[in-house]
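Enquirer: Need the 3D shape of this:
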Amino acid sequence: METKLSHLKDDRAVMVDISDKKIVDRSAIAVGEILLSDSTIERIKSGTIEKGNVLATARTAAILGVKRTPELIPMCHQIPITGVDVKFTFEKNSIIASVEVRSVGRTGVEMEALTGVSIALLTVWDMVKSIEKDNTGNYPHTSINNINVLEKVKGTKSN
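Expert: Sure, this is the predicted structure:
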């Protein structure tokens, strides 16, 4: 049995037509982590990173990433974002970023949540890269991992 791919038409990439889909409440939560050295995590917690407040900057970057997702992902629809919630938690050698995106529309918001998490973690890396680098120019403790959709909800409210 042949699988029909919704983003291909005559072997060309296309944006899926969502005109006939109902308008409903939608949300998605994505998570990811950045591994860092213990000393870098302590400096983030104590607010002694030279570039400024790492998590406040990463939170703003995540929101901007959510809003600009259709500019970055070619077949992603522009949708009305009704809310974004960005949270950070500290683990032993990592920071976990969680981004929840909400919308009322015809298509889901998981791509926006994934983009928000990715941009948040990249911003953290950018702000701490100078202190994470070892004397050979490598980043032995730093990596971004486990970015995934934790939850996707499609509600029933229709207009």
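
Enquirer: which element follows the worst-scoring helix or strand of the chain on mean pLDDT toward the C-terminus?
Expert: One helix or strand of the chain scores below all others by mean pLDDT, DSSP states H and E: strand 8-9, with a mean of 57. Toward the C-terminus, strand 8-9 is succeeded by strand 12-13 as the next helix or strand (DSSP states H and E).

Enquirer: Could you spell out the sheet neighbours of the helix or strand that that following strand is followed by, each with its direction?
Expert: Next helix or strand after strand 12-13 toward the C-terminus (DSSP H and E): strand 24-35. Counting by DSSP bridges, the strands paired with strand 24-35 are strand 94-105 (antiparallel), strand 143-154 (antiparallel).

Enquirer: Take those strands and write them to TSV, including distance to V124.
Expert: C-beta here means a position set from N, CA and C on the backbone, and glycine is covered the same way. Formatted as TSV, these follow (distance: least, C-beta to C-beta, whole Å):
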stretch	distance to V124
strand 94-105	6
strand 143-154	9
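
Enquirer: Would you mind giving those strands as a markdown table with distance to D20, mean neighbour count and mean pLDDT added?
Expert: Shown next, in a markdown table, are the strands paired with strand 24-35 (distance: least, C-beta to C-beta, whole Å; neighbours: other C-beta atoms under 10 Å; pLDDT from 0 to 100):
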| stretch | distance to D20 | mean neighbour count | mean pLDDT |
| --- | --- | --- | --- |
| strand 94-105 | 13 | 22 | 97 |
| strand 143-154 | 15 | 14 | 96 |
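
Enquirer: Whatever helix or strand G116 lives in packs against which elements?
Expert: Using DSSP H and E, G116 sits within helix 110-132. Contacts defined by 3 or more C-beta pairs under 8 Å, 6 or more residues apart in numbering; DSSP states H and E place helix 110-132 against strand 24-35, helix 38-46, helix 54-67, helix 69-72, strand 81-90, strand 94-105, strand 143-154.
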